[in-house]
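J.: Any chance you can model this:
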Amino acid sequence: MTMFGAVEAGGTKFVCAVGSASGGSLRTTAIPTRDPDTTFADIAGFFRQAGELGPLAGVGLASFGPIGLDPAAPTYGHILATTKPGWEGTNMVARLRDLVDVPVALDTDVNAAALAEVERSAEAIRNLAYVTIGTGIGVGLVVDGRTVKGFGHPEVGHALVRRHPAHGDFPGTCRFHGDCLEGLAAGPAVAAAWPSSGQSFAPDHPFWAVESDYIAQLCMTLILTSSPERIVLGGGVMQQEALFPLIRARTLELLGGYVHGRSDMETMERLIVPPVCNEPPGLVGAYLLAEHQ
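T.: Sure thing, here's the model as predicted:
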């Protein structure tokens, strides 16, 4: 079997693996995200030990952003403006290539996850949106089988949304925009808005209505702008599976019957779904990046 390396670089942890998209991972590890030097030293240790399994044909890097994706730009592979201390300006591609000495293919973690969900779908899908709702809110888009990239990459998590009345004067937690979608609905925003509730909410807690409304606004925006055949919702916040029916119902309500073919609950249940990948979608996507470069 031709082997590839995969790195899913996240704000909380880096998941590193050796294997392939079809065969799965032969070896994997999770490395806490600290400063770049310490984190990449641990990544080097993993790939050094994994060398006993055989040579790699390439490595796929599915990275948190914002990150430069234009190969012709001087910022290619560099982390751009970020809230993660010490990471802004880090050349992710160059540092990883120095460790593995093979070609490195790059995309965002959410774009890679979107690729993986298309690959793993039981149906022939060409257009898909992958949303992760956790430490931040990231959106990856696959349109006609290819991830969406231009001068940068989609940053829909920072779109402005209508504030829910139950949020009162909560200012939001986004360092750049305050009450953008991420500042109102990502994990840190949930914890800041209702600190005494932790992550366990009573059925009548306003969290359910507020969170499902914000994510439904995102789903509506995606439907109206990129016409996805699937919207996959992942990340830590979406581990609370009771959100799914609330989001579907609210999305249907917000659309108001305007979009043909998106006007009944049965369609919403097929459209807005959890991930199907058994392994983390970003990791599977990283293998696909390496294999397709």
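J.: For the stretch 151-293 of the chain, which segments count as strands?
T.: 230-234, 272-273 (DSSP state E, counting those that start in this stretch).
J.: list the buried ones in stretch 25-45?
T.: Neighbour counts using 16 or more other CB atoms under 10 Å place Ser25, Thr28, Thr29, Ile31, Thr33, Pro36, Thr39, Phe40, Ile43 of stretch 25-45 among the buried residues. Heads up, the C-betas are built off the backbone N, CA and C, glycines and all.
J.: That one: how far from the chain's middle?
T.: Computed by CA atoms, centre = their mean, to the nearest Å, the separation of stretch 25-45 from the middle of its chain amounts to 19 Å.
J.: what mean pLDDT does that stretch have?
T.: The pLDDT scores in stretch 25-45 average 96.
J.: and that stretch, how far apart are its ends?
T.: Terminal residues of stretch 25-45 lie 17 Å apart, using CA to CA, to the nearest Å.
J.: circling back: out of the strands of the stretch 151-293 of the chain, indicate the one that is most buried.
T.: When those are scored by mean count of other CB atoms under 10 Å, the highest mean neighbour count falls to strand 230-234 (a mean of 23).
J.: Within its sheet, name the partner strands of the helix or strand bottoming out on mean pLDDT in the chain and how each one runs.
T.: Ranked by mean pLDDT, DSSP states H and E, the helix or strand of the chain with the weakest confidence is strand 146-147, at a mean of 88. Sheet pairing of strand 146-147 (DSSP bridges) gives strand 137-143 (antiparallel).
J.: Can you show me the CA trace of the strand it pairs with as PDB?
T.: Written as PDB, here are the backbone C-alpha positions of strand 137-143 (Å, rounded to 0.1, in the frame of the first residue of the first chain):
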ATOM      1  CA  ILE A 137     -16.900  28.300  13.600                       C
ATOM      2  CA  GLY A 138     -15.400  27.300  10.300                       C
ATOM      3  CA  VAL A 139     -17.000  26.500   7.000                       C
ATOM      4  CA  GLY A 140     -15.500  24.400   4.100                       C
ATOM      5  CA  LEU A 141     -17.100  24.300   0.700                       C
ATOM      6  CA  VAL A 142     -16.900  21.800  -2.100                       C
ATOM      7  CA  VAL A 143     -18.500  23.000  -5.400                       C
END
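J.: For it, which residues meet the burial criterion?
T.: Across strand 137-143, burial judged by 16+ other CB under 10 Å covers Ile137, Gly138, Val139, Gly140, Leu141, Val142.
J.: With pLDDT added, can I get these in TSV?
T.: Converted to TSV, those look like this (pLDDT from 0 to 100):
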residue	pLDDT
Ile137	93
Gly138	90
Val139	94
Gly140	93
Leu141	94
Val142	93
